[in-house]
Structure formats: C-alpha cells, structure tokens
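K.L.:
Provided below for reference: sequence and predicted model.
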Amino acid sequence: MKKSYLMAAVAVSASAVAMAEDINREGHLRYLDNRLTLRPYLSMSYTYDSNVDSTKHSKAGSQWIVNPSLQATYLDDNWKVDAKIWYQYHAYNRYTSQLNSSSYGESLNLEWANSKMNEPGWSLRAFERFYQIAQDDDMSEHNGRGIGRDRKEFNGEVVLERRLNERLHAALNASYYYLDYDNNVDKYAWLFGWKRTVVGGEAGYAVNSWMDFIVAADYQWYWQDNDVKPGESSSYRHRVYSDSRGWSVMGGIATRATEKLSYRLLTGWSRFEYGDGAKDIDGWTYRANADWQIDANNTWHVMLVGASYYQPSERERGSAIKVYHFGVGTSKSLVRNSLRASLDLNYRKETHEFTEFESDDYDTDIWTARISLIYKINNIASVFGRVEYQSEYCSGGHIRGNAYDYDRWRGTVGFSLTY
C-alpha cells in the first residue's frame, strides 16, 4: 500500500508558480475579449518504482502514464474562476492485470470581491475538488489525506468575508470532506473511509500590512466507515463507534496586504469527542503556512505548510489519531527561465490517541522528499524529471504496525505539450 499526504501542498508549489507565470504567456486559447483563457495539456512519462506495493518486502516495477488535462481561467472586474479536468492512464510493466488503471478528477476555484483588498466590502472564496484515485498514484500528488489506494475523495469549502474598514474584518466558513476506499479484499487489506463537516468563523485586526491579529474557532462532525467486513460477525460492529465531533479555538498572526511575503500562523486548543463522547481527546494544535517570493521577477519561491489535527484512523477500526505534519518547498528558475528546479521535504507523524484494540496502539513516522526539474524547450514543449523518496516507520505498543515499515524511491522522466 502507498500513502498520500496533505503536505502535498508544498510539493506542488513549484507548479503553481509556473502556472501563474503561464497565464500571461502568449499562445493560450483566449475568448470573451481575453477574459476566458483555455490551457490544454498532455504529458507522457515513464516511472521506475523500487517498491510498487509500499511494503516491507518490496518488489520493483515500472509504469507508463498518459495525462491529458484542460484548465480554464475566467477573469472579470470582480470575479476570478479557475476550473480544471484531468485524466491519467497507468500502464504497468509488472502486475498489469492487477494495477493497470485510470485516475481522473476535476476542480473549481472561485473568488469574488466588490472592493479592492483592505477596503471596506465583501469577498467570497469557494473551491471544490473531486478525485478518483488509482492505487498507483504519485506518492505526494492530489493533496490527498488518504492512504494511497483505490479511493474517491471530495473536498469543498466556502468562505464569506466582510471587511469593515482597512483594519477590522470577519469571516464565516464551511467545509466538507469525503473519503471512500474501494475495499477489494481479494487484492488488499480493509481500510476505513470517513466524512467531516466543519463550520466556523474568524475575526481579525490588521495593525499594518505586515501584521494582522487573528482569532478563529470552528466545530466539526465526523462519520467513520465502520461497516462489517465480508465474513465478519455483525456483533463486531457494536464494539466500535462511527460518529464523532470536535471543536477548536485558535489565535495568531498573518499578513494582510504584502506582495512578496504572506504567512498565517495559528495555534490553540482542540477537542475530539470520539464516538460522541465515548472517549474525549484534547490538546494543543496548530496551523501554519507561508509563501515568500524572494526576487522581483518571481523566479524564486519558498513555501512552508504545517498543521496538527485529530481524525478517525483510516487503517485501524475503532481508533482515533492525531496527525502532525510539516513541509517546506522551494522552486527556482534557471537558464534564462527555461529551466525550473524544485525541492520539497515533508514530514508526517500519526499517533493513536484512542484504540479499541490494544494491538492498534502504535505511532507512525513518514518522510517524503522530492527533487524535480522542468526544461521548457519552447512555448509548447517541455521535458521533465523527478526523483522521490519515502520512508515509513512504526513504533510503540504491540507493533502490528511494524509490518507497515518500508522504504521506497521512484524516478520519473517524461515530456509535456501545452498551449
């Protein structure tokens, strides 16, 4: 099995910067008086994988991936809309009958404001993403929380903000997350998906463009997929819980209106009431992100992300875990902006805060590193390569998790066409 982590936000920071540069490049398909821009994309790549199944007893393999996509951007006086659809076909040179598969997805981002930044007025931000992921997806793609296996993921959020004046502002937010595993027990062990709904709000006071004091709070509802496995007694199900809830209160600082540096650092207290109060877990948590455009030409970017939070376990039934993660990434343009290099390092720790069964009480540490190079041959064609490494180590309790320990590296080369 493989893992995919929320820290992927760092890993894709380089491509986000490249896309921001690409929007203004001549040659895209433009419509509606240049307000609508279309960017078709096609890539083909080859990947060598030292550990196809992400297991302790590894087996190497390789695959070909074909990836077409289409991105659309609409810009108006008050609106910005980004939409994307994509598809990937994975053709394995080993395990072809088991692993040859398709992944696909779509995303939609919307921003609206009736005034300029920091001026009194309203703004609205919303996004939604859906992914159908195959087992052999990238180690750190798709921004997913789930273990890297056949699954569906949906994530959506809405934020409505009111700026009272240049200093005072307040916002309401709501989000929904859904994770569903394709539990084919003929191929692999059972995993447990879950759902979460969050409502919350925040208020802030900006001292200046560099310092904005923030207070935020939210309330969460969780539902874990604890269905009975094939062949199990239904009495097993009554030993675990599916409904949980939680809340968090945080405070911190952020930037408000700088062009090259933005950050947001919050910390506070969170509570997770597993099984509707069967087990109450609480502790300090944090949320952090920062983005620094180091030079004026946007050729060098550094990004940091991190968070800690509670959630139901995806690997062990009747368990609640606390997740800590931190990541750092940087991207730099070289050779007259024809070559872009990026490097990212991510760390994730999962601790079992409550387990119904003693054998499930273990901790997991996961490290992921990636180096990528993209060389733009011309305005249409590029070649790329990357090397990724991932290590997982489990410890503590009755270490059933010891069986999950593994090391893995992948090397990828490919080419892409875009217009």
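P.N.:
Cool, got the structure. Every value quoted in this text rests on a predicted model; they were computed, and no experiment measured them.

K.L.:
now the helices for the stretch 1-150 of the chain?
P.N.:
Secondary structure of the stretch 1-150 of the chain, counting by DSSP state H, counting those that start in this stretch: helices at 8-11, 13-22, 96-99.

K.L.:
Not counting residues beside it along the chain, what's closest to Glu316?
P.N.:
Nearest-residue entry for Glu316: Asp360, 4.0 Å, with adjacent residues in sequence omitted and distances by Cβ to Cβ, 6 or more residues apart in numbering. Glycine gets a C-beta too; all of them are placed from N, C-alpha and C.

K.L.:
what about the one you found, distance to Val207?
P.N.:
Counting by Cβ to Cβ, to the nearest Å, the gap from Asp360 to Val207 is 47 Å.

K.L.:
Alpha carbons of stretch 299-306, as CSV, please.
P.N.:
Listed next in CSV are the C-alpha coordinates belonging to stretch 299-306 (Å, rounded to 0.1, in the frame of the first residue of the first chain):
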residue,chain,number,x,y,z
THR,A,299,11.9,33.3,-10.3
TRP,A,300,12.5,32.0,-6.8
HIS,A,301,9.8,30.8,-4.4
VAL,A,302,9.8,29.3,-0.9
MET,A,303,6.7,27.8,0.7
LEU,A,304,6.1,26.3,4.2
VAL,A,305,3.0,24.5,5.4
GLY,A,306,2.1,22.7,8.6
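
K.L.:
Quick check: buried residues in it?
P.N.:
Across stretch 299-306, burial judged by 16 or more other Cβ atoms under 10 Å covers Thr299, His301, Val302, Met303, Leu304, Val305, Gly306.

K.L.:
Please convert those residues to CSV, extending it with pLDDT, distance to Tyr263 and secondary structure.
P.N.:
Putting the buried residues of stretch 299-306 into CSV (pLDDT from 0 to 100; distance: Cβ to Cβ, whole Å; DSSP: H, G, I helix; E, B strand; the rest coil) gives the following:
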residue, pLDDT, distance to Tyr263, secondary structure
Thr299, 86, 21, coil
His301, 90, 14, strand
Val302, 94, 11, strand
Met303, 94, 10, strand
Leu304, 94, 8, strand
Val305, 94, 11, strand
Gly306, 95, 11, strand
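
K.L.:
Nearest residue to Met211 in space, please, no chain neighbours.
P.N.:
Spatially, and ignoring its direct neighbours in sequence, Met211 is nearest to Ile253 (6.1 Å; Cβ to Cβ, 6+ apart).

K.L.:
Okay, now the sheet partners of the helix or strand harbouring the one you found, with direction.
P.N.:
Using DSSP states H and E, Ile253 sits within strand 243-254. Strand pairing for strand 243-254, determined by DSSP bridges: strand 211-224 (antiparallel), strand 261-274 (antiparallel).

K.L.:
Between those strands, which one is closest to Glu119.
P.N.:
Glu119 sits nearest to strand 211-224 of all those, at 15.0 Å, using Cβ to Cβ.

K.L.:
ok, and what's touching that closest one?
P.N.:
Residues from elsewhere that reach strand 211-224 (Cβ atoms under 8 Å, 6 or more residues apart in numbering): 173, 192-207, 241-256, 264, 266, 268, 311-312.

K.L.:
What residues of that strand count as buried?
P.N.:
By neighbour count, with 16+ other Cβ under 10 Å as the criterion, the buried positions of strand 211-224 are Asp212, Ile214, Val215, Ala216, Asp218, Gln220, Tyr222, Gln224.

K.L.:
quick one: the strands in the stretch 151-300 of the chain?
P.N.:
Remark: strands assigned in the stretch 151-300 of the chain by DSSP state E, counting those that start in this stretch are 151-163, 168-181, 194-208, 211-224, 243-254, 261-274, 279-293, 300-312.

K.L.:
now the stretch 301-419 of the chain
P.N.:
319-334, 339-355, 363-376, 381-395, 406-418.

K.L.:
May I see the ones you listed organised as JSON lines, with mean pLDDT and distance to Ala72 added?
P.N.:
Listed next are the strands of the stretch 301-419 of the chain as JSON lines, based on pLDDT from 0 to 100; distance: least, Cβ to Cβ, whole Å:
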{"stretch": "strand 319-334", "mean pLDDT": "92", "distance to Ala72": "24"}
{"stretch": "strand 339-355", "mean pLDDT": "92", "distance to Ala72": "23"}
{"stretch": "strand 363-376", "mean pLDDT": "93", "distance to Ala72": "22"}
{"stretch": "strand 381-395", "mean pLDDT": "93", "distance to Ala72": "20"}
{"stretch": "strand 406-418", "mean pLDDT": "93", "distance to Ala72": "14"}
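
K.L.:
Nearest to Asp33, out of those strands?
P.N.:
Of all the strands of the stretch 301-419 of the chain, strand 406-418 comes closest under Cβ to Cβ, at 22.8 Å.

K.L.:
which stretches of the chain aren't confidently modelled?
P.N.:
Scanning the chain for pLDDT under 70 picks out the ranges 1-28, 32, 94-100, 135-148, 185-188, 227-240, 257, 277, 397-402.

K.L.:
try 50 this time
P.N.:
Applying pLDDT under 50 to the chain picks out residues 1-26, 96, 141-145.

K.L.:
Out of the strands of the stretch 151-300 of the chain, which one sits most buried?
P.N.:
Most buried of those, by mean neighbour count (mean count of other Cβ atoms under 10 Å): strand 300-312, with a mean of 21.

K.L.:
what pairs with that one, and is each one parallel or antiparallel?
P.N.:
strand 279-293 (antiparallel), strand 319-334 (antiparallel).

K.L.:
mind listing what Arg336 touches?
P.N.:
No contacts exist for Arg336 under Cβ under 8 Å, 6+ apart.

K.L.:
Contacts for stretch 256-271, please.
P.N.:
By Cβ under 8 Å, 6+ apart, the surrounding residues in contact with stretch 256-271 are 117-118, 206, 208-212, 214, 216, 246-255, 280-294, 296, 309-310.

K.L.:
Then stretch 67-78?
P.N.:
If you take Cβ under 8 Å, 6+ apart as the criterion, stretch 67-78 is touched by 19, 23, 32, 35-45, 80-88, 112-114.
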